[in-house]
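> one predicted model, sequence on top.
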Amino acid sequence: ITPEAVPTVRRNCSKCKEKREFINSMKFRVNANGKNVDVWLIYRCKKCKHSWNLTIYERKKPAKIAPQEYELFMENDAELASQYGNDIEFLKRNNAELR
């Protein structure tokens, strides 16, 4: 079975000031912090488009991330974004309320 779309999540939107549906943007944010990197999957509020960064890696040495996966993060690979967005356990670990 292959899902047609990634699930949305519900969370408080700091701009709307209430709980809203957030949609997977299918894009990653990679940020270097000294010798470490952070990687997030970006979600957007369905109503106002305010962003929420769902943590994939935090303060991780780049050498500890598989080179192929790191390259896919840098390319905003839609398949990898979908894979993370469909991983229910991963979403729950990040306190994402599934819709």
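Arrived safely.

> nearest the middle, which residue of this structure would you pick?
residue 41 (2.0 Å; CA atoms, centre = their mean).

> tell me the SS of that residue?
Following DSSP: H, G, I helix; E, B strand; the rest coil, residue 41 is assigned to strand.

> the strands in the chain, which residues?
9-13, 18-33, 36-45, 51-60, 97-98 (DSSP state E).

> sheet partners, orientation included, of the fourth one?
Read it as strand 51-60. Paired strands of strand 51-60, with direction, are strand 36-45 (antiparallel) (DSSP bridges).

> the strand it pairs with versus strand 9-13: what angle between them?
90 degrees (axes from the mean of the first three to the mean of the last three CA atoms, to 10 degrees).

> just to revisit the earlier point, most tightly surrounded among the strands of the chain?
Greatest average neighbour count among the strands of the chain goes to strand 36-45 (a mean of 19), per mean count of other CB atoms under 10 Å. To be clear about C-beta, it is placed using only N, CA and C from the backbone, and glycine gets the same treatment.

> in CSV: the strands of the chain, plus mean pLDDT and distance to residue 80.
Below are these laid out as CSV (pLDDT from 0 to 100; distance: least, CB to CB, whole Å):
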stretch, mean pLDDT, distance to residue 80
strand 9-13, 94, 18
strand 18-33, 95, 8
strand 36-45, 97, 9
strand 51-60, 96, 10
strand 97-98, 86, 20
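
> circling back: residues in contact with the nearest residue to the residue nearest to the centre of the chain once chain neighbours are set aside?
Closest residue to residue 41 apart from its sequence neighbours, by CB to CB, 6 or more residues apart in numbering: residue 54 at 4.6 Å. Shown in contact with residue 54 (CB atoms under 8 Å, 6 or more residues apart in numbering): 40-43, 84, 91, 94, 96.

> between the residues you listed, which is nearest residue 24?
Residue 24 has its nearest neighbour among those in residue 43, at 5.8 Å by CB to CB.

> test my guess that that closest one contacts residue 55.
No - using CB atoms under 8 Å, residue 43 makes no contact with residue 55, being 11.4 Å away.

> sorry, back to before: mind putting the strands of the chain in CSV, distance to residue 68 included?
Formatted as CSV, those follow (distance: least, CB to CB, whole Å):
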stretch, distance to residue 68
strand 9-13, 27
strand 18-33, 14
strand 36-45, 14
strand 51-60, 15
strand 97-98, 28
